[in-house]
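Chemist: Task: produce atomic coordinates for the following.
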Amino acid sequence: MNLSLPLVLRRLLRPLLDPYRRYRHAKLIHAVRVSIGLLATILLTTGINLPHGEWASVTMLIVIGGLQHHGNIGKKAVERAYGTLIGASVGLLLVVQQAYFGQPLLTYLLMSVVCGFFSYHAIGKGGYIALLSAITVFIVAGHGDNPISDGLWRTVDILIGIVLALAFSFALPLYAVYSWRYNLASALRDCAAIYSRIINGQSVTDDEHLKLLNRLNAAMLQLRSLMPSVSKEVRISMTELDAIQRHLRMCISTLEILGNTRPDPHDEQAMARMQVMLKAEHRQIRVQWVGMARALKSGVTERLERPSHTSGEPTLDAPVYSALDGYRLLTVQLAANVDAMRQRLAKSAGRWKI
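Modeler: Residues are numbered from 1 along each chain as shown. A predicted model of the protein is given here:
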């Protein structure tokens with residue numbers, strides 16, 4: 001029984017420990033994590049009878065409620081902490097001056113000026129900190145008539161919420177690099193599928209082909225949005241991530257051009273000549289796309305070290321008809337681009353295969 005228990009536990013925990021399953025069920029995991037986090041803030045603040053404990057729960061929602069990726073949560077928590085400290089300090093000063101001078105109109109004027117200052121800085125870099133600072137001023141000070149003790153307790157509650165949000169962000173972290181890896185793998189498989197349709201003479205205007213292209217374009221946008229978080233999580237520079245993204249963009253653009261410049265599918269002689277002339281490139285391109293997709297999904301990156309068997313240089317040594325020259329050049333350039341992408345993924349594999 002002692003021998004079977006670890007195996008049973010491994011099977012039970014596999015959906016939580018396997019990166020791909022965590023990626024597929026990210027929304028469910030995120031929802032459960034937020035729910036447990038909120039329960040923890042409620043039990044903690046009510047258990048020790050903290051005044052205004054609801055602000056700890058509000059902070060929990062603000063910090064991690066709309067963010068599932070670990071890289072974003074850390075940044076959001078730090079910004080929330082800065083905004084809280086700045087806003088709470090200003091709010092407490094306003095409460096003190098209201099208690100000292102007893103001039104509500106002066107307090108309203110000062111609050112408006114201060115929040116106008118924060119709003120000026122809310123547009124641009126550091127805007128979230130400035131906006132949270134303005135909000136926290138009102139949370140702590142109200143309209144200047146809140147007791148100082150209330151302002152202090154609300155500040156404490158917000159800081160407790162930040163600490164708990166960070167703690168729960170480390171529980172089954174949903175890394176952006178997972179989404180980046182699996183979306184990129186899916187995009188590469190779609191590239192291979194489109195390329196197979198092109199070289200096999202299938203229609204490039206039917207719904208299936210257009211659906212694949214639309215899915216690729218959507219993946220490009222999603223990958224772009226993930227890059228800042230991926231860079232923070234695994235310490236890959238934005239320059240390197242952008243280079244990989246650029247290779248994918250070139251692949252998609254080249255595929256669209258190839259689909260419109262290939263020989264007429266009804267011209268069997270031209271299609272056969274193309275297949276013979278570019279047989280090595282056709283095979284190499286598809287093998288490398290599928291190989292990169294498998295490496296990204298499984299984390300087994302040894303296949304990325306396999307060198308390309310094509311020269312990578314566009315040549316026109318073989319006799320071809322002029323109508324095929326452009327198509328052949330594009331295909332050889334595509335092979336070179338795919339191989340360059342493989343090399344970049346291999347170079348950074350040590351960081352992204354967590």
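
Chemist: Flag every buried residue along stretch 33-51.
Modeler: 33-34, 37-38, 40-41, 44-45, 50 (16 or more other CB atoms under 10 Å). C-betas here are computed from N, CA, C, even on glycine.

Chemist: same deal with stretch 255-275?
Modeler: For stretch 255-275, using 16+ other CB under 10 Å, the buried residues are 255, 258-259, 262-263, 270-271, 274.

Chemist: And the contacts of that stretch?
Modeler: Stretch 255-275 has contacts (CB atoms under 8 Å, 6 or more residues apart in numbering) with 191, 194-195, 198-199, 201-202, 204, 209, 213, 282, 320-321, 323-324, 326-328, 330-331, 334.

Chemist: Straight-line length of that stretch, end to end?
Modeler: 16 Å (CA to CA, to the nearest Å).

Chemist: got it, and stretch 275-282?
Modeler: End to end - CA to CA - stretch 275-282 spans 8 Å.

Chemist: Distance from that stretch to the middle of the chain?
Modeler: Here stretch 275-282 is found 37 Å from its chain centre; the criterion is CA atoms, centre = their mean, to the nearest Å.

Chemist: Report the rounded mean pLDDT for it.
Modeler: Stretch 275-282 comes out with an average pLDDT of 78.

Chemist: Just the CA atoms of stretch 139-149, as CSV, please.
Modeler: Taking Å, rounded to 0.1, in the frame of the first residue of the first chain, the C-alpha atoms of stretch 139-149 are listed here in CSV:
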residue,chain,number,x,y,z
ILE,A,139,-10.8,55.3,0.4
VAL,A,140,-8.7,56.6,3.3
ALA,A,141,-10.1,60.1,3.7
GLY,A,142,-13.6,60.0,2.3
HIS,A,143,-14.5,63.6,1.8
GLY,A,144,-12.0,64.6,4.5
ASP,A,145,-14.4,63.8,7.4
ASN,A,146,-13.2,60.2,8.0
PRO,A,147,-11.5,59.6,11.4
ILE,A,148,-7.8,59.1,11.3
SER,A,149,-8.1,55.7,12.8
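
Chemist: For it, buried residues please.
Modeler: For stretch 139-149, by 16+ other CB under 10 Å, it's 139-142, 144, 146.

Chemist: swap in stretch 326-346?
Modeler: For stretch 326-346, by 16+ other CB under 10 Å, it's 327-328, 330-342, 344-346.

Chemist: repeat for stretch 275-289
Modeler: Buried residues in stretch 275-289 (16+ other CB under 10 Å): 277-278, 281-282, 284-289.

Chemist: Please flag which of those residues sit within helices.
Modeler: Mapping those onto helices (DSSP state H) picks out 277, 281-282, 284-289.

Chemist: The residues you listed into CSV, with extra columns for distance to residue 112?
Modeler: Listed next are those as CSV, based on distance: CB to CB, whole Å:
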residue, distance to residue 112
277, 74
281, 67
282, 68
284, 66
285, 63
286, 64
287, 65
288, 61
289, 59
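
Chemist: now, which of these sits nearest residue 119?
Modeler: residue 289 (48.7 Å; CB to CB).

Chemist: who's in contact with that closest one?
Modeler: Residue 289 neighbours (CB under 8 Å, 6+ apart): 188-189, 191-192, 195, 338.

Chemist: Now it. Nearest residue, chain neighbours left out?
Modeler: Closest residue to residue 289 apart from its sequence neighbours, by CB to CB, 6 or more residues apart in numbering: residue 192 at 4.1 Å.

Chemist: about what we covered before: and of the buried residues of stretch 275-289, the nearest to residue 123?
Modeler: Nearest member of these to residue 123, counting by CB to CB, is residue 289, at 42.3 Å.

Chemist: Give me the pLDDT value at that closest one.
Modeler: 93.

Chemist: Quick check: the gap between it and residue 334.
Modeler: Distance, residue 289 to residue 334, using CB to CB, to the nearest Å: 10 Å.

Chemist: what's the burial count for residue 126?
Modeler: 14 (other CB atoms under 10 Å).

Chemist: now do the one 10 residues further on
Modeler: In terms of burial, residue 136 registers 26 neighbours under the definition other CB under 10 Å.

Chemist: Equivalent analysis for residue 224, please.
Modeler: So residue 224, with other CB under 10 Å, has 13 neighbours.

Chemist: List the residues that contact it.
Modeler: Taking CB under 8 Å, 6+ apart as the test, what residue 224 contacts is residue 245.

Chemist: so what's the backbone phi/psi at it?
Modeler: Per-residue torsions, residue 224: phi -60, psi -40 (degrees, to the nearest 10).

Chemist: quick one: residue 331 and residue 277 touch, right?
Modeler: No - using CB atoms under 8 Å, residue 331 makes no contact with residue 277, being 9.1 Å away.

Chemist: that older thread, which pair of the buried residues of stretch 139-149 spans the longest distance?
Modeler: Every pair of the buried residues of stretch 139-149 checked by CB to CB; the farthest is 139 and 144, at 12.9 Å.
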